[in-house]
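In: sharing a model prediction with you, sequence too.
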Amino acid sequence: MIRETINHACLVSGAAEGATELNAFDGALLAAGIGDLNLIKVSSIMPPHVVLEKAVPKLPPGAFVLVVYAARTSSTAGETLAAAVAAGRAKNGFGVIMEATGRSRAEVEEAVRMKVAEAFRVRNLELEEVHVAAAEHRVVRCGGVVAACLFF
């Protein structure tokens, strides 16, 4: 159990062009400020004791960091990409994180807010607050977007 070492979380997002779709994804991670970290995907629950921060602190390059993320890439010029994550929290701090990808920031922000509301509804919890991070990008050659919730 790693509860004692995970006390903070942060929502981030980024977008970028790259020589390939993988490079665009890597660039989007760099634009989000998390490109030099090893991301370990986890499911969508935020423990009550975790403090949601406004910015990611300087973490050691190569650090292994737990994350919930959404990402999308494309090599179709002119296509618009979007990704979002939302963290909903109850009054006691318990949270649920939801992610979405789509074709516009408005679309994915609405989608993640609806998913968070549904996650709280099925748990019979009252939703106290919702925080959203989203990115949108129009592809020139190869583009990528990412939105993530990091735990550290």
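Out: That came in fine, so what should we check first? Numbering: from 1, shown residues only.
In: next, count neighbours for Val130.
Out: Residues near Val130, counting by other C-beta atoms under 10 Å, number 18. C-beta coordinates here come from the backbone N, C-alpha and C atoms, glycine included.
In: for Val50, see how far away it is.
Out: Distance of Val130 to Val50, given as C-beta to C-beta, to the nearest Å: 15 Å.
In: now swap in Leu127 and tell me
Out: 17 Å.
In: same deal with Lys115?
Out: Taken as C-beta to C-beta, the span from Lys115 to Val50 is 19 Å.
In: repeat that for Phe151.
Out: To Val50, Phe151 is 7 Å away according to C-beta to C-beta.
In: what residues are shared contacts of the two?
Out: 6, 8-9 (C-beta atoms under 8 Å, 6 or more residues apart in numbering).
In: which among those count as buried?
Out: Neighbour counting with 16 or more other C-beta atoms under 10 Å marks 6, 9 as buried within those.
In: now the shared contacts of Phe151 and Val50 in a markdown table, with distance to Gly143, secondary structure and pLDDT?
Out: Formatted as a markdown table, the shared contacts of Phe151 and Val50 follow (distance: C-beta to C-beta, whole Å; DSSP: H, G, I helix; E, B strand; the rest coil; pLDDT from 0 to 100):
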| residue | distance to Gly143 | secondary structure | pLDDT |
| --- | --- | --- | --- |
| Ile6 | 32 | coil | 91 |
| His8 | 30 | strand | 96 |
| Ala9 | 27 | strand | 97 |
